[in-house]
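Participant: Here is a sequence together with a model predicted from it:
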Amino acid sequence: MLKKSKVSRKVKKSKRSAKVKRNLSWNKPILSRKLVLLVALAIIAGTAAYLQRPEDLGLKLPPPPADALYKQSGQPIESRVQDLLGRMTLEEKIGQMALVDKNSLKKIEDVSRYYLGGMLSGAGAKPDINTPQGWLDMVSEIKSQADNSRLRIPILYGIDANHGHSNVLGATIFPHAIGLGASRDADLVTAVAKATAAELTATGVNWNFSPSLDAPKDIRWGRVYEAFSDDPMLNGTLGAAFIEGMQAAMSGNPSIMAAAKHYLATGAMEWNQSNNKKFKIDQGRTSADEQALVSEYLPPYKAAVEVGVSSVMIGLNQWGEQRVIDSKYLLTDKLKTELGFKGFVVSDWYGVYEYAETSKYQANINTINAGLDMAMLPYDYKDFLIDVRKAVKSGKISRSRIDDAVSRILYQKFKAGLFDIDTENAGLENVGSVTHRQLARQAVASSVVLLKNENTLLPLSKNSGHILIAGSGADNVGRQSGAWTVEWQGVDGNWMPGGTSILQGIRQLAGNNRIEYDISGIFDGLTSKADVGIAIISERPYAEGWGDNANPTIEKADLEVIQRLKLSSNKVVVVILSGRPLLITDQITGWDAAVAAWLPGSEGGGVADVLFGNSKFSGKLPLPWPSVIQQLPINTNGITNNRTRPLFERGFGL
Ligand code: GLC
């Protein structure tokens, strides 16, 4: 036994010695290998730490001299841009390309720490106190942070003010673009844009993500109301008029930058081709039709470029099989080279990464190389800074591309006067002012389209006798305003200060009639039929894909209201509040009169003005009104999908 154990021990020993030897023989390499490993780890950790601390991304350079050329307002803008660019570190340049949502800012100091070029209030991202003063305080704080940066480059603050400064409680809410399209009045659009610019300036906001130049071909899309028309020519005319009004100089204040969107061919997506599975057509696929590109999609942007639009926002849709935002052909060759666009290209919300099918790092490279100049991140600004810096250092994005992008951004900031005019944001009284509300009321009256008028029932006389008013939109400023109103998806109700519902407008105008109101149209105790019943029906507010609808028709409750009024009144007028034409073919035959009032905004009195003859009906349909779903999409020449006639052609209006 001993022997055996001896043997086994021997064996073990020899094994052990071998092991030890092996260890020993490895010892030198192990030690030096460990050492190498430790050193490598230290380098990686050090680099990572170095990279992670953004303030180390830029060198601790001294501030520029007080008389640096770029600070001199008398110098040509191009020289100021080049002078400033020459003083910037790579990190300071990349920071200018980042557009961050206010609610994603981790610390207010990050504005200067990451050299951010722009902030935005994504729809509904309000200050704690949603008043004009509350907005001014919030925006001013962000701006003063940018002032702390070494080069003190003014920061952009962008917002969606597509129908007035509509995030702010108390602001004037103008008709959504589809209603302005019905007015066909470029001067009116310019005036509305100027009034909106004044309300934006009062709160310190200096960039408006409008106008939409989208051309809706399919009323099932949830963003028809944000466009002027499906006609590219009308879009170009009214879009340019809006941009001129929005970017017009305002004495003592910088001008507001506009953003023509959503480049390109948004509105021409095909049903059931959406990248976003929550939606049916929004963010969808547009067929890459080169003929349509030239004749329909580019012309409105050409008009916008010709009036000097500061920025162009890229849509979330696809052009054929490629995301628009990845297309150098569309962003650089067509927009910048062929159309000569000198402003900067900005992505839509998270648009760089949405359906990118690559890493975020690669998506940054692809989009910036395609021609993107500023990324509406809107969240991870540290990652963006580190990613793009790494991409430049490794030659995946050229320094000249970065310099081009930053030059474009700086040029627009100089052009708007942001470096030179230290505005005190005078003008809080402009927000929701009487003048602006009067203009909005006039815009509403010009936007209403008279679709039917048996025996010229309209305009009603102010002494029409007994009037019954009913319907979901009769007394609801929220529904008459639609989306992008205080909240992203809008509000449903009357709690907006300063607004006038259509019912209130009628009472003010025709109060000496006997006017009764019930939302459901139930009027007990009627001894005889009323002279007129007015049904004011509406769509619930919706923004973006949430408005995609396979069958846009009148809500059941509103159909019942119309039925009840037909029984209780001698004549029935139907007022349609909607962001798009609704399918009314079977119902309209039973109505005596019908008007399309779109989404008029806060000044419902404008609808009363045309119903009771204070203003003439002048609105014309800005797009065809289909009679059946099978007619969709309807192309820009009014040809429907099944070659039948729409219920009403574009341009119709009694
Ligand atoms: C949204 C919209 C765009 C808007 C942007 C900022 O997703 O697509 O129109 O300007 O994000 O709110």
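Facilitator: Great, that's in hand.

Participant: secondary structure class for E516?
Facilitator: Under DSSP: H, G, I helix; E, B strand; the rest coil, the three-state class of E516 is strand.

Participant: tally of neighbours for it?
Facilitator: A total of 16 residues lie near E516 under the criterion other CB atoms under 10 Å. Backbone N, C-alpha and C define where each C-beta goes, glycine included.

Participant: And G204, by the same measure?
Facilitator: For G204, using other CB under 10 Å, the count is 21.

Participant: Quick check: which element contains it?
Facilitator: In the assignment (DSSP states H and E), G204 maps to no helix and no strand.

Participant: Find the nearest non-adjacent residue to it, please.
Facilitator: Excluding its sequence neighbours, the residue lying closest to G204 (CB to CB, 6 or more residues apart in numbering) is V139, at 3.5 Å.

Participant: Name the residues of the strand or helix carrying that neighbour that come out as buried.
Facilitator: V139 is part of helix 132-147, with elements assigned from DSSP H and E. Going by neighbour count (16 or more other CB atoms under 10 Å), the buried part of helix 132-147 is P132, G134, W135, L136, M138, V139, I142, K143, Q145, A146.

Participant: ok, the fourth one - contacts?
Facilitator: For L136, the residues meeting the contact criterion (CB atoms under 8 Å, 6 or more residues apart in numbering) are A202, T203, G204, N425, L428.

Participant: among these, which one has the lowest pLDDT?
Facilitator: Across the set of the contacts of L136, N425 stands lowest in pLDDT, at 61.

Participant: hmm, back to that, who are the contact partners of the residue nearest to G204?
Facilitator: Y157, T203, G204, V205.

Participant: which is the next helix or strand following the helix holding V139?
Facilitator: strand 156-159.

Participant: Okay, now the sheet partners of that following strand, with direction.
Facilitator: Here strand 156-159 is paired, per DSSP bridges, with strand 118-121 (parallel), strand 207-208 (parallel).

Participant: what about that strand, near the ligand?
Facilitator: No: contact of strand 156-159 with the ligand (CB under 6 Å from any ligand atom) is absent, the minimum separation being 7.6 Å.

Participant: Name the residues of the stretch 451-600 of the chain found near the ligand, please.
Facilitator: Counting by CB under 6 Å from any ligand atom, the stretch 451-600 of the chain sits next to the ligand at E544.

Participant: likewise the stretch 151-300 of the chain?
Facilitator: Going by CB under 6 Å from any ligand atom, the residues of the stretch 151-300 of the chain near the ligand are D160, F209, K261.

Participant: Who's the closest spatial neighbour of the last one, skipping the chain neighbours?
Facilitator: In space, not counting the residues next to it along the chain, K261 is nearest to M313; the distance is 3.6 Å by CB to CB, 6+ apart.

Participant: which strand residues sit across from that neighbour in the sheet?
Facilitator: Taking DSSP bridges as the rule, M313 bridges to V346.

Participant: Pull the number of nearby residues for S602.
Facilitator: If we define neighbours as other CB under 10 Å, then S602 has 31 of them.

Participant: So the closest residue to K107 other than its chain neighbours versus K143, what's the distance?
Facilitator: Spatial nearest neighbour of K107, chain neighbours left out: R113 (7.8 Å); criterion: CB to CB, 6+ apart. In this view, R113 and K143 are 15 Å apart by CB to CB, to the nearest Å.

Participant: Any regions of the stretch 401-550 of the chain where pLDDT drops low?
Facilitator: 424-426 (pLDDT under 70).

Participant: repeat that for 90
Facilitator: Scanning the stretch 401-550 of the chain for pLDDT under 90 picks out 421-426, 462-464, 494-497, 511-512, 525.

Participant: How about the contacts made by the closest residue to the ligand within it?
Facilitator: Nearest to the ligand, among the residues of the stretch 401-550 of the chain, is E544, at 5.9 Å (CB to the nearest ligand atom). Going by CB under 8 Å, 6+ apart, E544 touches G222, R223, F279, D282, A483.

Participant: make it 10 Å
Facilitator: 123, 221-223, 226, 276, 278-279, 282-283, 316, 349, 483-484, 488-489 (CB atoms under 10 Å, 6 or more residues apart in numbering).

Participant: PyMOL command for the buried members of the residues you listed?
Facilitator: Selecting only the buried entries of these in PyMOL, with 16+ other CB under 10 Å as the criterion:
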select buried, resi 123+221+222+223+226+276+279+282+283+316+349+483+484+488+489
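
Participant: can you map out the strands along the stretch 551-654 of the chain?
Facilitator: Using DSSP state E, counting those that start in this stretch, the strands assigned to the stretch 551-654 of the chain run over residues 569-577, 593-596.

Participant: which SS class is the residue of the stretch 301-450 of the chain found nearest the ligand?
Facilitator: Relative to the ligand, the nearest point of the stretch 301-450 of the chain is W349 (3.6 Å; CB to the nearest ligand atom). Following three-state DSSP, the label given to W349 is coil.

Participant: Check D187 too.
Facilitator: Per three-state DSSP, D187 ends up helix.

Participant: ok now do the closest residue to it other than its chain neighbours, which residues does it touch?
Facilitator: Sequence neighbours aside, A241 is the residue nearest to D187 in space, at 7.3 Å (criterion: CB to CB, 6+ apart). Contacts for A241 were tallied using CB under 10 Å, 6+ apart; they are 180, 185-193, 211, 228, 303, 307.
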